[in-house]
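Trainee: Attaching a predicted model along with its sequence, questions to come.
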Amino acid sequence: MERKRILITGAAGFLGSHLCDRFIKEDFYVIAMDNLITGDLRNIEHLFKLENFEFYHHDVSKFVHVPGELDYILHFASPASPIDYLKIPIQTLKVGSLGIHNLLGLAKDKNARILIASTSEVYGDPNINPQPEEYWGNVNPVGPRGVYDEAKRFQEAMTMAYHTFHGLETRIVRIFNTYGPRMRLNDGRVLPAFIGQAIRGEDLTVFGDGSQTRSFCYVDDLIEGIYRLLFSDYAYPVNIGNPDEITIREFGEEIVKLTGTTQQLITKPLPVDDPKQRRPDITKAKEILGWEPKVSRAEGLKITYEYFKSLPMDLIEKVEHKDFSNYNK
Ligand code: NAD
Ligand code: UDP
């Protein structure tokens, strides 16, 4: 039987690379696409030798051409951490608008089913906790996070329009904070920030008083949820995340314990519009997909810490900074 063909955008990134692994494992023909703006080829280089894997170095905000048939598209290309999207705000807006238009057009042309990566950021700084899919959010369009939040909200609207107007098969996953191996140590997100600081013997930087909450999902659980959603028949957004909520200060204390660091938690200013609370309501995922997370934070953090410790020491010490200066706005 012919292998099913799937295009994965953002394939060299944290989540994209885990998706590539999963679909290779399921014996798909995987076409990976990335412009490497925040991703890293090291995340997928183990796949290059496979006959059912190919890689296109391409910016999806420009016209996307893929020869041959496509059965599925997973659109994951987008800067994802606050540090990244604050450094490249225009590219973030472009990939969420021009990029999604290109991918939806491609899906229509190939008669492929498309799943897009949305985010809990569509809820902004939420006024209700936990957040169900029916909540419309509390987003500041002109604040620093607006470039990401509004791009993702537009992306959802565009996807629904292709679904209702063109009858395209679409799926929307709203991803809550996810962590695991292959996160970039310097992407600014709290988990790599804390673990990197602990390994380097620096104090852990808690933003604000640390009373803001997040709910962290281990990457394997997220990938399973996405896999199930793709093959479901549900076109409306579905939250995928782990409802186990924790304050950032408590989270810092957990990392201190896990790593055995003798460093302290220190306080830094809270970024503008930093959401005060975030926890997914996963009733829909449970009912529609029969999905719920299986990996506890203790287990997931242990695996992730081992991964970061296994990186070459020079990389950890230097904390390679991405150079965004060569990208056109
Ligand atoms: P990441 O930065 O590791 O991966 C994103 C990938 O997209 C990178 O490899 C980057 O080079 C690529 N990319 C960006 N712009 C591109 C463009 N114009 N053309 C081609 N490739 C481009 O981030 P991630 O955590 O893996 O996030 C992946 C997706 O999941 C994003 O859409 C993000 O918004 C979404 N998401 C992630 C989380 C999370 O907790 N990790 C939470 C919510 C949503
Ligand atoms: N945060 C922190 N110290 C850091 C990095 C982040 O206290 O060094 C906080 C940040 O202010 C936010 C939370 O941790 O309240 C999660 O931040 P992250 O960037 O990981 O994700 P997001 O804010 O997008 O959920």
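Mentor: Looks like it arrived, so ask away. Ligands and ions are numbered 1, 2, ... in the order given.
Trainee: Stretch 93-102 vs ligand 1: in contact?
Mentor: Yes - counting by C-beta under 6 Å from any ligand atom, ligand 1 has neighbours in stretch 93-102: 95, 99. Yep, even glycine has a C-beta here, placed from its N, CA and C like the rest.
Trainee: Show the average pLDDT along that stretch.
Mentor: Across stretch 93-102, pLDDT averages out at 98.
Trainee: Could you tell me the end-to-end distance of it?
Mentor: The first and last residues of stretch 93-102 sit 14 Å apart, counting by C-alpha to C-alpha, to the nearest Å.
Trainee: what do you get for stretch 165-181?
Mentor: Terminal residues of stretch 165-181 are spaced 39 Å apart (C-alpha to C-alpha).
Trainee: same question, stretch 279-290
Mentor: 19 Å.
Trainee: Quick check: buried residues in it?
Mentor: Neighbour-count burial for stretch 279-290, with 16 or more other C-beta atoms under 10 Å as criterion, is recorded at 279-282, 284-285, 289.
Trainee: nearest to P181, of those?
Mentor: Comparing the buried residues of stretch 279-290 against P181 with C-beta to C-beta picks out P280 as the nearest, at 21.9 Å.
Trainee: what pLDDT does the closest one get?
Mentor: 98.
Trainee: do the same with M313
Mentor: For M313, pLDDT reads 81.
Trainee: Show me the helices in this protein, by range?
Mentor: 14-25, 82-87, 89-94, 100-110, 146-166, 190-200, 219-230, 248-259, 283-284, 297-310, 313-318 (DSSP state H).
Trainee: Compare those helices and report which one is nearest to ligand 2.
Mentor: helix 190-200 (3.5 Å; C-beta to the nearest ligand atom).
Trainee: quick one: that closest one to helix 14-25, angle?
Mentor: Orientation of helix 190-200 against helix 14-25 (axes from the mean of the first three to the mean of the last three C-alpha atoms, to 10 degrees) gives an angle of 100 degrees.
Trainee: check whether helix 190-200 contacts ligand 1.
Mentor: No - using C-beta under 6 Å from any ligand atom, helix 190-200 never reaches ligand 1; the gap is at least 9.3 Å.
Trainee: which other residues reach that helix?
Mentor: The contact list for helix 190-200 (C-beta atoms under 8 Å, 6 or more residues apart in numbering) reads 179, 183-186, 203-205, 214, 216, 248, 251-252, 255-256, 258-259, 261, 263, 301, 304-305, 308-309, 316-317, 319.
Trainee: before we move on, the earlier item: of the helices of the chain, which shows the lowest average pLDDT?
Mentor: Looking at these, the lowest mean pLDDT belongs to helix 313-318 (a mean of 76).
Trainee: Please identify the buried residues of that one?
Mentor: Buried residues in helix 313-318, defined by neighbour count with 16+ other C-beta under 10 Å: I316.
Trainee: Dump the C-alpha coordinates for it into CSV.
Mentor: Extracted in CSV, the C-alpha atoms of helix 313-318 (Å, rounded to 0.1, in the frame of the first residue of the first chain):
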residue,chain,number,x,y,z
MET,A,313,28.8,21.9,27.9
ASP,A,314,30.1,24.6,25.5
LEU,A,315,26.6,25.0,24.1
ILE,A,316,25.1,25.3,27.6
GLU,A,317,27.7,27.8,28.8
LYS,A,318,27.6,29.9,25.7
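Trainee: Tell me how far it lies from the chain's centre.
Mentor: Distance of helix 313-318 from the chain centroid (C-alpha atoms, centre = their mean, to the nearest Å) equals 24 Å.
Trainee: Please list which of the contacts of helix 190-200 are also close to ligand 2.
Mentor: Restricting the contacts of helix 190-200 to those within reach of ligand 2 (C-beta under 6 Å from any ligand atom) leaves 205, 214, 248.
Trainee: What subset of the contacts of helix 190-200 is buried?
Mentor: So, by 16+ other C-beta under 10 Å, the buried ones in the contacts of helix 190-200 are 179, 183-186, 204, 214, 216, 248, 251-252, 255-256, 258-259, 261, 301, 304-305, 308, 316.
Trainee: Make a markdown table out of the buried residues of stretch 279-290 and add distance to ligand 2.
Mentor: Output for those, formatted as a markdown table (distance: C-beta to the nearest ligand atom, whole Å):
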| residue | distance to ligand 2 |
| --- | --- |
| R279 | 11 |
| P280 | 12 |
| D281 | 17 |
| I282 | 17 |
| K284 | 21 |
| A285 | 19 |
| L289 | 23 |
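Trainee: How about the residues of the stretch 51-200 of the chain by ligand 1?
Mentor: Going by C-beta under 6 Å from any ligand atom, the residues of the stretch 51-200 of the chain near ligand 1 are 59-61, 76-80, 95, 99, 117, 119, 175, 177-178.
Trainee: Right, I'll leave it there.
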